[in-house]
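> Got a predicted model here, sequence first, then my questions.
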Amino acid sequence: MKKVLFATTALVATAGVAAADVTFGGYGRFGVLYNENATGTDETNVTSRFRLQIDATAESDMGVTFGARARIQQNNTDNTPTYSVGPDNTAGTADDINGASGPSGTGINGVRFFARSGGLEVGVGNIFGALEFMPGMYPIDLGLTGLGYDYTAFNFRGDAYSSGGNGAAGSNGVEVLYSMGDLSVHVSASDTNNRVAAFAAYTFSGYTVALGLQDSDSASDTEVAFSVGGNVGPAALTFAYAKNGDDTGVGTTTGDHYVLAAKFDVGAATDVEVYVADADYFTDTSYGVDFNHDLGGGTSLRGGVASRGNGFVRADLGVRFNF
């Protein structure tokens, strides 16, 4: 992360006035992405993403930090939709043309604003979301692109920070985070499905245990989430569970979701990640493996493969550089 500290009053005006700063950081990634479906149809495409994160903060005389976070992100799959009325010059007829005209997604996302003092933080706008921020919900980061994120137990059934959209910024998103020693608590709410979510996490003897709850108007949103993680021998292990609505059978969208994930160092600069995940709504058990090799200077070579059930396989390989 690179810092740009603006001079004059934006830096330090007089003694007793804390510094304000703007921090720029992010990452770029590019490589290839392979997809195969149950019919045996497969395709390999170039994949890429650029993300620039902007964090701006200022500190009051009372020691309260006020700040905001915004991101500018571009994926190679982002396209600007286009529309034409067609040869008859009349909208809503059969010859209307829908298409795409090149990259989109380069605007600024919904901004998250916050005030922080000591271990207490209040955020509004494009909030992190309690379930999204809960320990154990992202036990690994598979491959270059995430490869489907079947290892995320809450399955995105709650408020979450959006890198390319507004998130809860347009839905009165608000959250409170508090940490004291080994204890952390997070409560969030938004008008999206009238969600109210919370988690509490505690770390002891090298293990972190977290429990999350959510109330929502949607029957498919997460109701309960639980995780426990820590080092066992050479592996960092995580078990996570979420109740994402009532079980309505395979091929539906609700039910229990289980994840077991591990990360191993296999050399001074290389690690391997693996996961097994199952859910009431999965056709088959999902599993995957990857490797991450540190090239130094914030760069790494990454790749992985995941079997997502029902004949779907996804794999990727590429380079990521952090700045």
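Received, thanks.

> ok but F226 is inside a strand, no?
Yes. Assessed with DSSP: H, G, I helix; E, B strand; the rest coil, F226 lies in a strand.

> Can you check what pLDDT the model gives it?
On pLDDT, F226 comes in at 98.

> Return the helix or strand in this structure with minimum mean pLDDT.
Lowest on mean pLDDT, DSSP states H and E among the helices and strands of the chain sits strand 2-4, with a mean of 49.

> In the stretch 1-150 of the chain, where is pLDDT below threshold?
Scanning the stretch 1-150 of the chain with the threshold set as pLDDT under 70 gives 1-19, 78-106.

> And the strands in it?
Secondary structure of the stretch 1-150 of the chain by DSSP state E, counting those that start in this stretch: the strands cover 2-4, 21-36, 42-59, 65-75, 81-84, 97-100, 112-117, 120-125.

> Which one of those lies nearest to A236?
Proximity to A236, assessed across those by Cβ to Cβ, is greatest for strand 21-36 (21.8 Å). All C-beta spots, glycine's among them, are computed from the backbone N, C-alpha and C.

> name the helices or strands packed onto that closest one?
strand 2-4, strand 42-59, strand 299-307, strand 313-322 (3 or more Cβ pairs under 8 Å, 6 or more residues apart in numbering; DSSP states H and E).

> Strand partners (parallel or antiparallel) of that strand?
strand 2-4 (antiparallel), strand 42-59 (antiparallel), strand 313-322 (antiparallel) (DSSP bridges).

> out of these, deepest packed?
Per-stretch averages of neighbours, counted by mean count of other Cβ atoms under 10 Å, single out strand 313-322 among these, with a mean of 19.

> what is the orientation angle of that one with strand 299-307?
160 degrees (axes from the mean of the first three to the mean of the last three Cα atoms, to 10 degrees).

> Show residues contacting strand 313-322.
With contact meaning Cβ atoms under 8 Å, 6 or more residues apart in numbering, strand 313-322 is reached by 25-36, 47, 143-145, 147-148, 295, 297-308.

> buried subset of the residues you listed?
26-29, 31, 33, 35-36, 47, 143-145, 147-148, 300-308 (16 or more other Cβ atoms under 10 Å).

> now the helices for the stretch 101-250 of the chain?
130-133 (DSSP state H, counting those that start in this stretch).

> I108 is in contact with G164, correct?
No. Using Cβ atoms under 8 Å as the test, G164 is too far from I108 to be in contact (10.2 Å).

> okay, now the closest residue in space to N172 that isn't next to it in sequence: neighbour count?
Of all residues not flanking N172 in the chain, D191 sits nearest, at 4.9 Å (Cβ to Cβ, 6 or more residues apart in numbering). Neighbourhood size, D191 [other Cβ atoms under 10 Å]: 11.

> so D191 makes contact with D159?
No. Applying Cβ under 8 Å, one finds D191 not in contact with D159, separated by 10.0 Å.

> if I look at these two, which residues touch both of them?
Listed as contacting both D191 and D159 by Cβ under 8 Å, 6+ apart are A168.

> Around the residue nearest to T57 when sequence neighbours are not counted, how many other residues sit close by?
Excluding the flanking residues, the one nearest T57 by Cβ to Cβ, 6+ apart is G67, at 3.7 Å. The tally of other residues near G67 (other Cβ under 10 Å) stands at 20.

> correct me, but G67 touches F114?
Yes. Counting by Cβ under 8 Å, F114 is a contact partner of G67 at 5.4 Å.

> Make JSON lines out of the strands paired with strand 21-36 and add distance to A197.
Converted to JSON lines, the strands paired with strand 21-36 look like this (distance: least, Cβ to Cβ, whole Å):
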{"stretch": "strand 2-4", "distance to A197": "33"}
{"stretch": "strand 42-59", "distance to A197": "24"}
{"stretch": "strand 313-322", "distance to A197": "29"}
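
> Tell me which of those strands lies nearest to D278.
When the strands paired with strand 21-36 are compared by Cβ to Cβ, strand 313-322 sits nearest D278, at 17.0 Å.

> got the CA positions of that closest one in PDB?
In PDB, the C-alpha atoms belonging to strand 313-322 read as follows (Å, rounded to 0.1, in the frame of the first residue of the first chain):
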ATOM      1  CA  VAL A 313     -15.100 -28.000 -13.500                       C
ATOM      2  CA  ARG A 314     -13.300 -24.700 -13.300                       C
ATOM      3  CA  ALA A 315      -9.500 -24.100 -13.400                       C
ATOM      4  CA  ASP A 316      -7.200 -21.000 -13.600                       C
ATOM      5  CA  LEU A 317      -3.600 -20.000 -13.800                       C
ATOM      6  CA  GLY A 318      -2.000 -16.600 -13.700                       C
ATOM      7  CA  VAL A 319      -0.100 -13.800 -12.000                       C
ATOM      8  CA  ARG A 320      -1.200 -11.400  -9.300                       C
ATOM      9  CA  PHE A 321       0.700  -8.300  -8.200                       C
ATOM     10  CA  ASN A 322      -0.200  -6.200  -5.200                       C
END
